[in-house]
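Student: based on what follows, work out the 3D shape:
(one chain, ligands or ions: 2)
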Amino acid sequence: MKDALIVENLTFSYDGLRVLNGVSFSVEDGNFISVLGPNGSGKSTLIKLISKVLKSYKGKIIVKGRDIKHLNEKDVARLVAVVPQYTTPGFDFSVDEFVMMGRYPYWKRFGIQSRKDLKIVEDVMERTRITSFCHRKFNELSGGEKQRVVIAQALAQDTPVLLLDEPTAHLDINFQIELMDLFYRLNTVEGKTIIGVFHDINLAVQYSKKILLLRDGKVFGFGDAKSVINRDNIRKVFNSEVCVGKNPFTGNLYVSPIFTTSLYNNSRDEEGKSKNKQGKKLKIHVIGGGGAASPILTLLYSSGYEKLSCGVVNILDSDLETSKVLGIPYVSEAPFSPISFSSQNQNLEFIKISDIVILPDIEFGHGNFSNLVAVKEALDLGKKVIILDARSVEERDYTQGKAVKLYSKIIEKGARVISSVKELLEALEE
Ligand code: ADP
Ligand code: MG
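Tutor: Ligands and ions are numbered 1, 2, ... in the order given. Take a look at the predicted model:
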């Protein structure tokens, strides 16, 4: 059999609201496809239909040669497993109990476990590196640990097809990479067919073989990244301006945001010239990380601020790509490595010559904690500091509270806090 999944003319509505409209595509055995599209384009609905969580659809869904319309829940669960974005189990399961639940499609009577079940559970716990905490309660784990346990459960289902619905969306970059590496291995080493929804185009491109681009419940593009991901398609589907370049390390294509259309319209007049002339001379340093600085850099740039700098950002981070595209000087660090003393010092040099330092709502881990220290230094040096606090810092803190503490101190010391990028231009001029 060649195709692991065939979706034919799939149409689905929620109470009269059409969400998928004539979707057709097929996925060969052992392929890894990424589903990309803006919020509300129907990605999660598609995943729920393929796993038969949603049922009253028109069209055909064939998994491993079998039309799932005619299969019961257990049959489907032996063909496809799903890793969702969030899981909140109704019971207070321990980790190993939770993983064991993945074996239910094979049970004749509920909860009767075989030696094979135990063996498989042990094995998947090893592979997802959760054995060491297998007796802890699921609900007490960190976000990253929970997600590994959820993946272990999906693997325990022992299915040829694995569906992912933004499985890494709320994890910090290190966990994201770790999980993506795991999916990559499952695909390349074990031959699992993977269909994943991802929120990060670059992660998707780096790990998957094909891209399915959805817009308004329809297939906008389907094929390898080169044929689907281009500036025109991204503008049409995501309504944002990007630059598509090449990742210097992998040779894969790489997407860097240039600016969002809405910000662009706010900050430029018809001829595309800068409206905001008086701010031009201000020297502004933007702390980078995880792409959070990109919308800020592009807004400042398109608003006519020319003396910009960015740091410390890891190589491969889209903030670095944005800096390069815009010709903004930056301080960089090796990919996925903690900030070194020398990078930290260079960053401080930029801060010393700046008038204003901006801290976007980046995530804080031990690796980039010194970026936060640099912001504190900026305040101590008497610089104006503006903090974008769009997401609560508790959600972004992977340092066991260390970052939250310093962050509060920085605010206490007089940093100006704004809650959206839109407030930035005004805050600069105060
Ligand atoms: P995506 O995952 O691409 O963000 P979804 O598949 O979750 O999109 O949703 C597509 C559309 O369907 C959205 O307009 C959303 O509001 C709507 N929708 C999703 N789930 C439901 C539901 N249970 N009931 C009604 N409408 C829903
Ligand atoms: Mg979704």
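Student: list the contacts for the residue of the stretch 251-400 of the chain found nearest ligand 2?
Tutor: Relative to ligand 2, the nearest point of the stretch 251-400 of the chain is residue 391 (18.2 Å; CB to the ion). (Glycine included, C-beta is placed from N, CA and C.) By CB atoms under 8 Å, 6 or more residues apart in numbering, the residues touching residue 391 are residue 361.
Student: quick check: phi and psi at it.
Tutor: phi -120, psi 140 (degrees, to the nearest 10).
Student: continuing past the helix or strand bottoming out on mean pLDDT in the chain, what's the next helix or strand?
Tutor: Taking mean pLDDT, DSSP states H and E as the measure, the helices and strands of the chain show their lowest mean at helix 261-267, namely a mean of 35. Note on helix 261-267: by DSSP states H and E, the next helix or strand toward the C-terminus is strand 283-287.
Student: show me where the stretch 51-200 of the chain has helices.
Tutor: Taking DSSP state H, counting those that start in this stretch as the test, the helices found in the stretch 51-200 of the chain are 73-79, 95-100, 115-127, 143-156, 173-188.
Student: in the longest one, what's buried?
Tutor: Neighbour-count burial for helix 173-188, counted by 16 or more other CB atoms under 10 Å, picks out 173, 175, 176, 177, 178, 179, 180, 182, 183, 186, 187.
Student: hmm, residue 102 is touching residue 151, no?
Tutor: No. If you go by CB atoms under 8 Å, residue 102 and residue 151 don't touch, sitting 9.9 Å apart.
Student: and the pLDDT for the residue of the stretch 51-200 of the chain found nearest ligand 1?
Tutor: The nearest approach of the stretch 51-200 of the chain to ligand 1 comes at residue 197, 6.6 Å away (CB to the nearest ligand atom). pLDDT, residue 197: 96.
Student: neighbours of it, just the number please.
Tutor: Neighbour count for residue 197, taken as other CB atoms under 10 Å: 24.
Student: my guess is it contacts residue 47. True?
Tutor: Yes. Between residue 197 and residue 47 there is a contact under CB under 8 Å: 6.2 Å.
Student: contacting residues for residue 134?
Tutor: Residue 134 sits next to 94, 95, 96, 99, 125 when contact means CB under 8 Å, 6+ apart.
Student: ok, the first one to residue 167 distance?
Tutor: Okay, so that is residue 94. Per CB to CB, to the nearest Å, residue 94 is found 22 Å from residue 167.
Student: more neighbours: the two, which one.
Tutor: Set residue 94 next to residue 167 and count neighbours by other CB under 10 Å: residue 167 wins out with 25 against 18.
Student: so which bits of the chain are right by ligand 2?
Tutor: Contact residues (CB under 5 Å from the ion) of the chain with ligand 2: 43, 44.
Student: using the three-state scheme, assign the residue in the chain that ligand 2 sits nearest to.
Tutor: Ranking the residues of the chain by distance to ligand 2 (CB to the ion) places residue 44 first, at 3.2 Å. Following DSSP: H, G, I helix; E, B strand; the rest coil, residue 44 is assigned to helix.
Student: next, count neighbours for the nearest residue to it once chain neighbours are set aside.
Tutor: Spatially, and ignoring its direct neighbours in sequence, residue 44 is nearest to residue 165 (5.5 Å; CB to CB, 6 or more residues apart in numbering). Applying other CB under 10 Å, we find 21 residues neighbouring residue 165.
Student: any idea how far residue 60 is from residue 165?
Tutor: 21 Å.
Student: got it, and residue 378?
Tutor: Applying CB to CB, the value for residue 378 to residue 60 is 59 Å.
Student: looking at those two, which one has more neighbours?
Tutor: Counted by other CB under 10 Å, residue 378 and residue 60 do not tie: residue 378 has more neighbours, with 26 against 14.
Student: buried residues, the helix or strand where that one lies. List them.
Tutor: Assigned by DSSP H and E, residue 378 belongs to helix 369-380. Neighbour counts over helix 369-380 (16+ other CB under 10 Å) mark 369, 370, 371, 372, 373, 374, 375, 376, 377, 378, 379 as buried.
Student: okay, these in a markdown table with pLDDT and distance to residue 385 next?
Tutor: Output for the buried residues of helix 369-380, formatted as a markdown table (pLDDT from 0 to 100; distance: CB to CB, whole Å):
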| residue | pLDDT | distance to residue 385 |
| --- | --- | --- |
| 369 | 94 | 17 |
| 370 | 94 | 16 |
| 371 | 96 | 12 |
| 372 | 96 | 11 |
| 373 | 96 | 13 |
| 374 | 96 | 10 |
| 375 | 97 | 6 |
| 376 | 96 | 9 |
| 377 | 95 | 10 |
| 378 | 96 | 5 |
| 379 | 96 | 5 |
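Student: output those as CSV; include the columns distance to residue 316.
Tutor: Below are these laid out as CSV (distance: CB to CB, whole Å):
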residue, distance to residue 316
369, 19
370, 19
371, 17
372, 21
373, 23
374, 21
375, 23
376, 27
377, 26
378, 26
379, 30
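Student: up against ligand 1, what does the stretch 1-150 of the chain have?
Tutor: 14, 17, 19, 37, 39, 40, 41, 42, 43, 44, 45 (CB under 6 Å from any ligand atom).
Student: let's see it at 5 Å
Tutor: Within the stretch 1-150 of the chain, the residues that sit near ligand 1 (CB under 5 Å from any ligand atom) are 14, 19, 39, 40, 41, 42, 43, 44, 45.
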